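Colleague: After the sequence you'll find the predicted model.
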Amino acid sequence: MTTLLRVDSSALSQGSHSKELADYFLSKWQSQHHDADIQTVDLAATPPPHMDQAMIGAMYTMPNERDEAQKSALTLSEQYVAQIRAADTLVLTSPMYNFAIPSTLKAYLDHILRVGETFQYGENGPEGLLKGKKAYVFIASGGDYTQPPMDALNFVKPYLKTALNFIGIEDITFIEAPGMGMGDDAVAQSIEAAKARIDSLL
Ligand SMILES: Cc1cc2nc3c(=O)[nH]c(=O)nc-3n(C[C@H](O)[C@H](O)[C@H](O)COP(=O)(O)O)c2cc1C
């Protein structure tokens with residue numbers, strides 16, 4: 001059985017374009033993977049806490065030296081790490097908020113990118129430990145940041161690529177829906193193009 005982890009970060013419970021694309025992708029993907037175990041994390045419904053002194057202290061204490069309070073501070077992070085480690089496929093959805101990813105998704109990644117758990121330092125520098133996974137990332141933005149010179153303002157795609165690569169996830173397919181704030185025709189064209197791209201992938 002294969003396991004897919006879906007992580008959503010749009011603040012919208014209805015009308016999210018990034019989630020619409022992931023829904024479309026998943027309806028097709030599931031028809032090819034009938035027995036898949038699908039896990040979902042909705043970061044808007046259940047926002048992860050920001051890093052604090054207790055969490056950081058616990059993360060940088062060796063696992064066998066952590067006291068009960070430190071173990072407790074890492075409970076959610078441990079759950080998130082176990083969940084992404086168990087996944088064969090990752091589906092990540094992200095709106096662009098102020099040129100970057102939503103703060104909830106950044107907080108989630110702060111819980112996931114952990115030395116000794118998802119990356120380690122070796123002789124050649126940092127090494128990702130989550131090897132062999134495939135990731136699909138769905139990004140929706142109001143404007144179009146896919147071409148120069150506007151692409152220089154897009155901190156969503158390069159950041160997610162860097163963060164996922166850092167923990168060893170290198171097989172990443174980005175599906176972008178630009179122009180969600182550029183009128184009904186632009187929205188329809190962009191969503192249609194993104195769905196056609198999904199069709200060609202599956
Ligand atoms: C708080 C906020 C900030 C936004 N910042 C940007 C931005 O910097 N650039 C942009 O092109 N669109 C921006 N948008 C528009 C969203 O990227 C766009 O509505 C997108 O469709 C949101 O994804 P979703 O439909 O999955 O929620 C912003 C929207 C919100 C709510």
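Modeller: It's in. All values derive from a computational prediction rather than experimental measurement.
Colleague: and the gap between the residue nearest the centre of the chain and residue 106?
Modeller: Centrality entry for the chain: nearest residue to the mean C-alpha point is residue 92, 3.8 Å, by Cα atoms, centre = their mean. Using Cβ to Cβ, to the nearest Å, residue 92 is found at 13 Å from residue 106. All C-beta atoms are positioned from the backbone trio N, CA, C, and that covers glycine.
Colleague: Could you look up the SS state of residue 176?
Modeller: strand (DSSP: H, G, I helix; E, B strand; the rest coil).
Colleague: any idea how far it is from residue 114?
Modeller: Counting by Cβ to Cβ - residue 176 and residue 114 are separated by 28 Å.
Colleague: So between the two, which is more surrounded?
Modeller: Shown here are residue 176 and residue 114; by other Cβ atoms under 10 Å, residue 176 has more neighbours (24 against 19).
Colleague: which residue sits closest to the more buried one, ignoring its sequence neighbours?
Modeller: Nearest residue to residue 176, sequence neighbours excluded (Cβ to Cβ, 6 or more residues apart in numbering): residue 139, at 4.8 Å.
Colleague: Might one say that that neighbour is in contact with residue 175?
Modeller: Yes - applying Cβ atoms under 8 Å, one finds residue 139 in contact with residue 175, separated by 7.4 Å.
Colleague: who has more neighbours, the two?
Modeller: Neighbours per residue, other Cβ under 10 Å: of residue 139 and residue 175, the larger number sits with residue 139, 25 against 21.
Colleague: separation between residue 94 and residue 1?
Modeller: Where residue 1 is concerned, residue 94 sits at a distance of 27 Å (Cβ to Cβ).
Colleague: Tell me which of those two has more neighbours.
Modeller: residue 94 (26 against 8).
Colleague: Run through the bridge partners of that one.
Modeller: residue 139 (DSSP bridges).
Colleague: how many neighbours does residue 93 have?
Modeller: 28.
Colleague: you'd agree it is up against residue 21?
Modeller: Yes - contact criterion Cβ under 8 Å: residue 93 and residue 21 qualify, at 7.3 Å.
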